[in-house]
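1. pasting the sequence and the predicted model now:
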Amino acid sequence: MNRLFIIALLAGGLYLGYQTGLVDRIRDLGDNAAIEHPVFARMSIDIRAEGREIEGVVIGKMRSMPECEQRTRRELRDLLEQCPQCRVGSASCTDSLATRELAYFEQRPTHLTYLHGTPGKHDEREFALIFWGLTVNEARFFCTLMERELAGEYAGALDCIREHDA
């Protein structure tokens, strides 16, 4: 479980890079409700912990392709500096998501537990933080831990959305 706490801290860094990365560089972020044609930032990392492979994914809803690309580049650089043992699985920006990924932004239960963030300030973005490779109990614990860790940095609402019964 100690390894899971370390992974939680890394995941928090993964997410916070998206939220804080460009505030100084983007002047007119506007109201989050005005995001009519979102671009989705999707970044995954692979973490080896206690002989297991865990994949973490953060998906953020951005205002534009330039914002998405800039935040993603900055986060990749910061993540690799902070976590040399992490391997970036993929990083991309797209104007569409798979149906199963759209469910995260509708806060619908899926086959796993995930953390959802609703922006509270103009420079925050809606996001989902998902992890694969955890047991049901680990995922619930991890989500609650991430919710607490990010609460001091994210002004918006943070909610653990538990998996539905299979």
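-> That came through, no problem. Numbers count the residues shown, from 1 in each chain.

2. just checking: what are the partner strands of the host helix or strand of Ile45?
-> Per DSSP states H and E, Ile45 falls inside strand 39-49. As defined by DSSP bridges, the strand partners of strand 39-49 come to strand 52-62 (antiparallel), strand 87-94 (antiparallel).

3. CA-only coordinates of the last one in CSV, if you can.
-> Output for strand 87-94, consisting of C-alpha atoms alone and laid out as CSV, is shown next (Å, rounded to 0.1, in the frame of the first residue of the first chain):
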residue,chain,number,x,y,z
ARG,A,87,7.3,5.6,-18.6
VAL,A,88,5.1,7.8,-20.8
GLY,A,89,2.7,5.5,-22.6
SER,A,90,1.1,8.1,-24.8
ALA,A,91,0.2,11.7,-25.0
SER,A,92,-2.2,13.2,-27.5
CYS,A,93,-4.8,15.9,-28.2
THR,A,94,-8.0,15.0,-30.0
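
4. right, and the helix or strand after that strand?
-> Next element after strand 87-94 (DSSP H and E): helix 99-105.

5. what does the pLDDT read for the residue nearest to the spatial centre of the chain?
-> For the chain, the residue nearest the mean C-alpha position is Val58 (2.8 Å; C-alpha atoms, centre = their mean). At Val58, the pLDDT value in this model is 91.
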